[in-house]
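K.L.:
Sequence first, then the predicted structure:
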Amino acid sequence: MDAIIEIAIAKYNYWMYISLMMIGLYAIIAKNNFVKKIIGMNILQTAIILFYISISAKRGATIPIIRHAEGHGHEAVNAMEYMNPLPHVLMLTAIVVAVATLGVALALTVRLYARFETLEEDEINDQIREAQ
Amino acid sequence: MHEIYSIRPFLAVIASLAVTPILLSARSPNVREGWTFAAGALKLGIVVSMLPAVLGGSVFSFRLAEILPGIHLAFRVDAMGLLFALVASTLWIVTSAYSIGYMRGLNEHSQSRYYCFFAVALSATIGAAFAANLVTLYMFYEILSFATYPLVTHHQDEEAKISGRKYLFFIVGGSVALVLPAMIICYIKAETLDFAPQGFLSGHVGPGLTTVLLLLFVFGMAKAALMPMHAWLPAAMVAPTPVSALLHAVAVVKVGAFSVARILTGVFGVDLLAEYGLGTLLAVLASITMLTASFIALSQDGLKRRLAFSTIAQLSYILLGVALLTPKGITGGLVHIAMHAFGKITLFFCAGAIFVATGIKNISEMKGLGRRMPITMGAFFVASLSVIGLPPGGGFISKWFLVLGALEAHELVFLVVLLISSFLNAAYFLPIAYNAFFAKPENADMDAGFQEAPAWCVAPLVATTLASLWLFFNPWPFLDLARLAVAQVTGG
Amino acid sequence: MSNYPAFLIIAPLFAACLTATAGWIRRSLSFPLAVSGLTVSFLSSLGIAARVLASGKFQYSMGGWAPPLGIVLELDYLNTPFLVVVSGAALVSLIATRQFVEKEQEAKAPAFYALMVLAVTGMLGMVATGDAFNLYVLLEISSITGYALVASGDRLAPLASLRYLLLGTIGASFYLLGVGLLYMLTGTLNMADLSRLLPPLYGSNAVLAAFLLILCGIWLKAALFPLHAWLPGAYSHSSHASACLLAPLMTKVMIYVMLRVMLSVFTPAYIFDHLSLEGFVVTLASVAVAAGSVMALAQRNLRRMAVYIVIAEVGYMVGGAWLGNQTGITGAVLHALNDVLMTLCLFLAIAAVAGRTETLDFKDLNGLFGKMPFTMGALVLGAMSIIGVPPACGFFSKWFLLQGAIEAGRFDFMAALLFSSLINVVLFFRVFEYALYSDGHMHKQEEHGQTGIQEAPLSLVISLWVAVAGILAVGFCSGPIVRMFIQPALL
């Protein structure tokens, strides 16, 4: 029991992102309303972004801006003192991707609403079935 | 064996394919049919031009493209292939002439399409005859299957549709589901697919696998119509008669029989088959088909259906001849490709001529027909003799060799089968001719006087009849080619 | 010239921007710009192929940063043929579908062209890149443009597109998560670097999790049954222009990504020796092939039938790749290349037919052979390739797949392939029957020849025959393609 609790506490960042991911997946799959599905999708993406950010974190390290600007001092750069900047950069791209996806999704939702006057999936399915 | 690298085999294949755009776009029927003849003459010319060298023991070969690593789309003209190509290209010209009479006589629709696919089918036939390896053979076999589908369903009615489905089911189903895996297994085991004169599988496969492969091939090549894969052939008789004549008595079914013969000799090899006793297995299968089909033919009233079952039986003669695995037997089988072709095409021509002139399709209505159509029915009688195997028909030669082959193999059972089958042949063919000339006509039309089919129909069938007779007296070059082929495949 | 790889990606990227902006000035400018962008791509891909053939694989560092720090394009034997086929097929499909775009999109046509070119940019980038994260970004570029392209179509297109978007995002997120795990383990995103650093970690569960996540993500995007739910709607409700571009390319590019991940990030040694998943995956692929074929059989509409054929074909390639022998992977690679051409031909023919008939339901296809002989002729040849009749290219890849299946002793996969071939015969000949027979009546002499030929626009018919020529050319050259590209790629 202790061991489990220890793991849960030591790796809490993973538990967080896994929980968020599952919430997102659940919403995409189980929710009936397309806006809710899209929110779920966004939560899923955010979960992964959090995961990336959390793996770059380091206890006692600082933001990855080299402390001594050019021409000031000659001490070697100690990578241990900085957080890993790469995941942050990657996630900037991922955020852009997520925003773009969200934009397209919302645009589609607007089109969908214009055609069916509802965003409930079952109601849309009913309408399609009736049309056939 | 002297090998000549030449583009001629490829040209022979492509000759009829090349004219298809002209056939499709030709504005007048005369132009279209003129081109058909031109292509036919060209094809025959190229095939004949290779005859002297092949008779002299040479082999023509040509490689077109590498289609799989180490396997080329390649042609190889040896005696066996040339024999078949010669038959097919000669009869194409005759059939084209007959088609003109038949199609115009009946005022058929979509004639351009008809001539076009006929040309494609012939290309594929020659391609199969000249194929140097299994993949090339398979390719032309498949092209032939699909090129003949529009011909079989030419009438575009419900019956044609159902027959077309049956046709595809057996032919394509067999080749895809049975031949293709068998071919791949051969490739995995032997790492080659090039036909070798005495087979390439020897030493690579055990008896069990050899048996399985053999069965996959002989049943998969459904064009050879070995029972129970024969059902497409009677169904395909809905096609216009020239199609039945050339394709379902000569090109398509003979491609099946030829492919099986080629595979038995070039893939398995006579020695391997003899070692595992598989010749007997195949001979038994062929005998069963032969007898069953003959019995069914007896009960058919539709003339074309009777001819179809007769064809099924006769194809098994070819298989039986090769399956005997003796020089005389194989010679008989190969010569039978030619002899049966000339005989059976005449019979189909007659069936078509009768239909064009009188609209009669059933044998029971043909009593007294000889008075109206003496030339046609006379030709029918002579061709029947050839197919039965009686002199002075060319068929006698091949049957003679088959009988000798059975004796040579000391398989008296098959001798008996051959004799029974010949008797059955006589039983279902001779009454037709007899009734046509000697029976009392049942309806008065028959006394209407001389009323033959158009000259374009009659001339070809007279030509093939005479050819059948001539082959009895002088079976050159078919017998020579067959003997040469046998010498190559048996290593003797 | 050494900058071909840059042109490959940058030319269409710029062309996309210019296409969209030029549309504001004059609408007629945008189409030539889009075409020129893809033409440059196609020519560059030929240049790359020539260079790879002459001097072997090479890397191109974007912006001059050396790997593993910089982003590289890896041009090797595996992806060169894909680049040629993808850029060529995209170009053909762009030219072929012009009428549809101009007619359906009107003022929005420039934007639509830009989307098409951008989607192709993403796909070419995915094929060329040597960086796992870069691949994700390019995947999303082509996906997001793909969602937009799919959304323009009939009444149900936005719904299909939204479903595609939701599932596609799940797939891409899974891929991204897997890559994140790999980055955590190795600290690199470069594929070559990953394959160098991973082997000591092969026992780790995290590597397994990363592999499975990446694989699931790819399969979702590639529409492997049962993860195919988005595909039928997306490709059957979208406009023909989108379907002609996306259906031939998207799933095949994802198959390429799967092969790349299996061969260049992980190794066959890991996949087939450490994991024993191949039994399961090949079974899944066999089921996919059979299920795709059966679902296609159940359709009564030409386009919906084609869509399920695409699903069955995905099963072919996944199965081949997972057979675990070189023959099988050769078959998968060759089939992916062939399938681009076959699907292109099929969808172009469908687009051509759609322009001349009321609907694509089978019953409306009557008499089509007389009305559109050239289109139907091309469809017949395309169908022959899908059925697997030599010398069309489909036969040769099927040959390798079957050979691989027999060598691996996977007779279930072999049976599925043969079953699917036979079903394809039924599928296409059913269509041909409808097209050959008029209204079930006997085809009378008097009505024949008077229906008149009503062919599709010339550019579409020519493009269609270019695709057919490609099918035959690749078929006749299968031997050299396998010997010069695929076999060296698998060494």
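P.N.:
Yep, it's here.

K.L.:
distance of the closest residue to C:Thr343 other than its chain neighbours from C:Gly146?
P.N.:
Residue nearest to C:Thr343 in three dimensions, not counting chain neighbours: C:Pro248, with 4.0 Å by C-beta to C-beta, 6 or more residues apart in numbering or on different chains. In short, each C-beta sits where N, CA and C put it, glycine included. In this view, C:Pro248 and C:Gly146 are 13 Å apart by C-beta to C-beta, to the nearest Å.

K.L.:
next one: C:Thr80
P.N.:
For C:Thr80, the distance to C:Gly146 - C-beta to C-beta - is 24 Å.

K.L.:
near chain C, which residues of chain A show up?
P.N.:
A:21, A:25, A:28, A:34, A:37-38, A:41, A:44-45, A:48, A:51-52, A:55, A:86-87, A:90, A:93-94, A:97, A:100-101, A:104-105, A:107-109, A:111-112, A:115, A:124, A:128 (C-beta under 8 Å from any C-beta of the partner chain).

K.L.:
And the residues you listed, which of them are buried?
P.N.:
For these, a burial check counting by 16 or more other C-beta atoms under 10 Å in any protein chain shown picks out A:21, A:25, A:28, A:34, A:37-38, A:41, A:44-45, A:48, A:51-52, A:55, A:86-87, A:90, A:94, A:97, A:100-101, A:104-105, A:107-109, A:111-112, A:124.

K.L.:
which element is the residue nearest to C:Thr343 on?
P.N.:
For C:Pro248, the enclosing helix or strand under DSSP states H and E is helix C:240-260.

K.L.:
quick check: mean pLDDT across the very next helix or strand once past that helix?
P.N.:
Using DSSP H and E, the helix or strand that follows helix C:240-260 towards the C-terminus is helix C:268. The average pLDDT within helix C:268 is 86.

K.L.:
do stretch C:181-190 as well
P.N.:
89.

K.L.:
ok, residues contacting that stretch?
P.N.:
If you take C-beta atoms under 8 Å, 6 or more residues apart in numbering or on different chains as the criterion, stretch C:181-190 is touched by A:55, A:86-87, A:90, C:67-68, C:72, C:130-134, C:179, C:193-194, C:197-198, C:201, C:204, C:206-207, C:209-210, C:213, C:265.

K.L.:
Among those, which are located in helices?
P.N.:
Mapping the contacts of stretch C:181-190 onto helices (DSSP state H) picks out A:55, A:86-87, A:90, C:132-134, C:179, C:193-194, C:197, C:206-207, C:209-210, C:213.

K.L.:
Mind checking which of these are buried?
P.N.:
Judged by 16+ other C-beta under 10 Å, buried ones among the ones in helices among the contacts of stretch C:181-190: A:55, A:86-87, A:90, C:132-134, C:179, C:193-194, C:197, C:207, C:210, C:213.

K.L.:
Tell me, how many residues neighbour whichever residue of the stretch 1-150 of chain B sits closest to chain A?
P.N.:
Closest residue of the stretch 1-150 of chain B to chain A, C-beta to the nearest C-beta: B:Tyr149 (34.7 Å). Residues within reach of B:Tyr149, counting by other C-beta atoms under 10 Å in any protein chain shown, total 20.

K.L.:
contacting residues for the residue nearest to it when sequence neighbours are not counted?
P.N.:
Residue nearest to B:Tyr149 in three dimensions, not counting chain neighbours: B:Gly164, with 5.9 Å by C-beta to C-beta, 6+ apart. Shown in contact with B:Gly164 (C-beta under 8 Å, 6+ apart): B:Tyr149, B:Val152, B:Thr153, C:Phe429, C:Glu433.

K.L.:
Look up how far A:Asp122 lies from the second one.
P.N.:
B:Val152 sits at a distance of 50 Å from A:Asp122 (criterion: C-beta to C-beta).

K.L.:
What of the fourth one?
P.N.:
Using C-beta to C-beta, one gets 39 Å for the distance from C:Phe429 to A:Asp122.

K.L.:
higher neighbour count, C:Thr80 and C:Gly146?
P.N.:
Using other C-beta under 10 Å, the more surrounded residue of C:Thr80 and C:Gly146 is C:Gly146, with 30 against 24.

K.L.:
In which helix or strand does that one reside?
P.N.:
helix C:132-151.

K.L.:
average pLDDT for that helix?
P.N.:
So the average pLDDT for helix C:132-151 ends up being 93.

K.L.:
quick revisit: for the residue of the stretch 1-150 of chain B closest to chain A, pull up the helix or strand it's in.
P.N.:
helix B:134-152.

K.L.:
Which single residue of the stretch 101-250 of chain B ends up nearest chain A?
P.N.:
For the stretch 101-250 of chain B, C-beta to the nearest C-beta, closest residue to chain A: B:Lys161, 29.0 Å.

K.L.:
I'd like to know how far that residue sits from chain C.
P.N.:
6 Å (C-beta to the nearest C-beta, to the nearest Å).

K.L.:
Kindly report the same for B:Phe219.
P.N.:
Counting by C-beta to the nearest C-beta, the gap from B:Phe219 to chain C is 15 Å.

K.L.:
Now for that residue, how many residues are close by?
P.N.:
Close neighbours of B:Phe219, defined as other C-beta under 10 Å, add up to 21.

K.L.:
now swap in C:Lys363 and tell me
P.N.:
12.

K.L.:
Sitting in helices, which of the buried ones among the residues of chain A next to chain C do you find?
P.N.:
Reading helices off those with DSSP H, I get A:21, A:25, A:28, A:34, A:37-38, A:41, A:44-45, A:48, A:51-52, A:55, A:86-87, A:90, A:94, A:97, A:100-101, A:104-105, A:107-109, A:111-112, A:124.

K.L.:
Spit out the contact partners of B:Arg165.
P.N.:
B:Arg165 touches C:Phe429, counting by C-beta under 8 Å, 6+ apart.

K.L.:
From B:Glu158, how far out is it?
P.N.:
For B:Arg165, the distance to B:Glu158 - C-beta to C-beta - is 11 Å.

K.L.:
Find me the pLDDT at the residue of the stretch 1-150 of chain B closest to chain A, would you?
P.N.:
89.

K.L.:
Check C:Pro248 too.
P.N.:
pLDDT, read off for C:Pro248, is 92.

K.L.:
which stretches of the stretch 1-150 of chain B form strands?
P.N.:
Secondary structure of the stretch 1-150 of chain B by DSSP state E, counting those that start in this stretch: the strands cover B:3-5, B:59-68, B:71-77.

K.L.:
Flag the shaky bits of the chain, pLDDT-wise.
P.N.:
Using chain A. A:66-77 (pLDDT under 70).

K.L.:
Chain C was what I was after
P.N.:
C:1, C:68, C:438-452.

K.L.:
What about whatever residue of the stretch 201-350 of chain B ends up closest to chain C, how many residues nearby?
P.N.:
Closest residue of the stretch 201-350 of chain B to chain C, C-beta to the nearest C-beta: B:Gly220 (11.4 Å). Counted with other C-beta under 10 Å, the neighbours of B:Gly220 add up to 29.

K.L.:
Spatially nearest residue to it (excluding sequence neighbours)?
P.N.:
B:Leu178 (3.0 Å).

K.L.:
more crowded one of B:Val152 and A:Asp122?
P.N.:
B:Val152 (27 against 10).

K.L.:
if I look at the more buried one, how far off is C:Ser397?
P.N.:
With C-beta to C-beta as the criterion, B:Val152 and C:Ser397 are 29 Å apart.

K.L.:
Ok, C:Arg304 next?
P.N.:
25 Å.

K.L.:
Compare the two (neighbour count), which wins?
P.N.:
Between C:Arg304 and C:Ser397, counted using other C-beta under 10 Å, the more crowded position is C:Ser397 (29 against 20).

K.L.:
quick one: the helix or strand harbouring that one near chain B?
P.N.:
If you go by DSSP H and E, C:Ser397 is part of helix C:393-407. Yes: Helix C:393-407 reaches chain B (C-beta under 8 Å from any C-beta) through C:Phe395, C:Phe396, C:Trp399, C:Leu402, C:Gln403, C:Ile406, C:Glu407.
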